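Participant: Sharing a model prediction with you, sequence too.
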Amino acid sequence: ESLSGRLEVEIFFDGAHREFAGAAALADNLRVRFTRESKADDLIIDQVRSRGWRGGGRVTVVTGDAELGRQACDEGGAWLKVSHGSKLENVVRMIENRFKR
């Protein structure tokens with residue numbers, strides 16, 4: 001079963017906006033954000049807090065960064081731990097398995 005429509009995905013990158021291959025084929029439930037002057041970690045934690053304050057459900061942070069994962073949990077989110085350097089296909093499979101009905 002596809003997760004499209006049931007899951008909102010945001011990917012954060014440190015730095016200024018840049019184009020990447022496959023951008024035109026992004027799913028409509030996927031947003032890519034670039035941080036410019038801020039750190040991506042700060043914006044991720046802001047999203048966790050914001051969703052909690054709005055009562056919009058829990059944010060799951062998918063990362064291999066243990067400090068970021070623990071901070072997300074401390075702020076009311078969840079952490080799906082992946083290994084640094086994981087292939088995108090494996091990360092997608094982990095997310096699909098985590099959120100299957």
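Facilitator: Done, it's in.
Participant: And for Glu10, the neighbour number?
Facilitator: Other residues near Glu10 come to 13 when the count uses other C-beta atoms under 10 Å. Glycine gets a C-beta too; all of them are placed from N, C-alpha and C.
Participant: And the helix or strand where it lies, what does it pack against?
Facilitator: In the assignment (DSSP states H and E), Glu10 maps to strand 9-13. When contacts are defined as 3 or more C-beta pairs under 8 Å, 6 or more residues apart in numbering; DSSP states H and E, strand 9-13 packs onto strand 30-34, helix 40-54.
Participant: Between strand 30-34 and the last one, find me the angle.
Facilitator: Per axes from the mean of the first three to the mean of the last three C-alpha atoms, to 10 degrees, the angle that helix 40-54 makes with strand 30-34 is 130 degrees.
Participant: Residue ranges in this structure under the pLDDT threshold?
Facilitator: Confidence mapping of the chain against pLDDT under 70 gives the ranges 1-7, 20-29, 101.
Participant: Apply 90 and report the result again.
Facilitator: Scanning the chain for pLDDT under 90 picks out 1-40, 51-60, 62-64, 80, 82-101.
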